[in-house]
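Asks: Sequence and computational prediction follow.
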Amino acid sequence: MLQEKELTQPVDLCLPNGRLNPLAVGWSRQPLQNCRLYGHPLRKKRWNYWCITSPTHLFSVTLSNVDYAGLPFVYFLDFETGEFIEKTIITPLGKGIVLGDRVPDDASYVGKGCQISMRSGIGGVRMLVEIADFGGKKLQAEFQIAEPENHESLNVVVPWSEKLFQFTAKNNTLPTEGKVVLDESQIVFDLQNSFATLDFGRGVWPYKGFWNWASFSTRLSDGRTLGVNFGAGWTDNTGSTENALCMDGRLIKLSEDVIFTYSTQDFKAPWKIQTAETKRVDLTFTPFFERIAKTDMAIIRSEVHQMIGYFDGVIIGEGGEEVQVHQAVGWAEDHHARW
């Protein structure tokens, strides 16, 4: 088992000389980290990724700035019909994208034919998206993402070296309501059955990277909420993990690796996701949709196989409680990047 330090006081991620602040290494239950980055021209990575799921639909919005380019992208999936629409915009030097240094900071993008707004307020985040041409349709989406009082999230600093490091915040099981309007068709996400997940990232990465990521938010049969976040690859040999459970808003940090077992020849075949040293996590992930996203520019190459599907299995919670997971909607991905 890893020995990870829990942080309880605000801390700066980066020193004025651009190096990692050693006091920031660890994890916290609240976003205490100021992620202002100094130096490292054209090497910094910053993004806010939101994904909202209901039993029948998925809607995702990302604002990403990798210094030499900005990549706002939005996608929508109808589970029943299989309709999938994605819009990616590439902006030189991140033009039009505004991203803050702290998790609660507002974020936005304004460009030709597209406006995205993520604004924090009392009790949560208000998200608005308008795209004139979204797969040949006009998209208007609005969501209110609630953050219940005392809700805990996973906030981790991953140190590759003094010069290469990443802060990640993962916040799931956030009750959400709103709608997606495609031309005249309206899809409603109701508060009882819809959840939002945030992936907030700030750091200085190696040029080549690989990672697995898995996440879901669900409501258990007894009414409690359960969210998970598991990662592998990018955290290897750093002494840090992004592995955690969120049970009814209470974070349970897993200080051990999680093993992803799957076929790169057939990503749609079932995956196994298990903790490496204990039996805390034993899940089968059965995909029903494969999102493939490829970027091939002069200095940016990325290939993502993001699988949408259902999680089934057993998770051991606090006090040894055995929690049965049944048909929890979520995703798992295989991501290679040169950026």
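Replies: Okay, I see it. Residues are numbered from 1 along each chain as shown.

Asks: any weak-confidence spans in the chain?
Replies: Counting by pLDDT under 70, the ranges of the chain that qualify are 298.

Asks: who touches the residue most central in space within it in this structure?
Replies: Residue closest to the average C-alpha location in the chain (CA atoms, centre = their mean): residue 199, at 3.0 Å. With contacts defined as CB atoms under 8 Å, 6 or more residues apart in numbering, residue 199 is in contact with 47-51, 168-170. To be clear about C-beta, it is placed using only N, CA and C from the backbone, and glycine gets the same treatment.

Asks: For the residues you listed, give me TSV that also has distance to residue 195, secondary structure and neighbour count.
Replies: Formatted as TSV, these follow (distance: CB to CB, whole Å; DSSP: H, G, I helix; E, B strand; the rest coil; neighbours: other CB atoms under 10 Å):
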residue	distance to residue 195	secondary structure	neighbour count
47	20	strand	21
48	17	strand	26
49	15	strand	16
50	11	strand	26
51	9	strand	22
168	19	strand	24
169	16	strand	22
170	13	strand	26
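
Asks: Redo the residues you listed as CSV? Include distance to residue 142.
Replies: Output for the contacts of residue 199, formatted as CSV (distance: CB to CB, whole Å):
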residue, distance to residue 142
47, 21
48, 17
49, 18
50, 13
51, 16
168, 27
169, 23
170, 24
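
Asks: List just the nearest of those to residue 29.
Replies: residue 169 (11.0 Å; CB to CB).

Asks: Enumerate the beta-bridge partners assigned to the closest one.
Replies: residue 155, residue 200 (DSSP bridges).

Asks: Okay, it and residue 242: tell me how far apart.
Replies: With distances taken as CB to CB, to the nearest Å, residue 169 is found 10 Å from residue 242.

Asks: shared neighbours of these two, anything?
Replies: 154, 156.

Asks: all strands for the stretch 1-150 of the chain, in order.
Replies: 11-12, 27-28, 33-34, 44-53, 57-65, 69-70, 73-78, 84-88, 91-92, 97-98, 107-111, 114-121, 124-134, 137-146 (DSSP state E, counting those that start in this stretch).

Asks: Which secondary structure elements does the first one sit against?
Replies: Contacts defined by 3 or more CB pairs under 8 Å, 6 or more residues apart in numbering; DSSP states H and E place strand 11-12 against strand 33-34.

Asks: And the strand it packs on, what does it pack against?
Replies: strand 11-12.

Asks: Nearest to residue 248, out of the strands of the stretch 1-150 of the chain?
Replies: strand 137-146 (14.3 Å).
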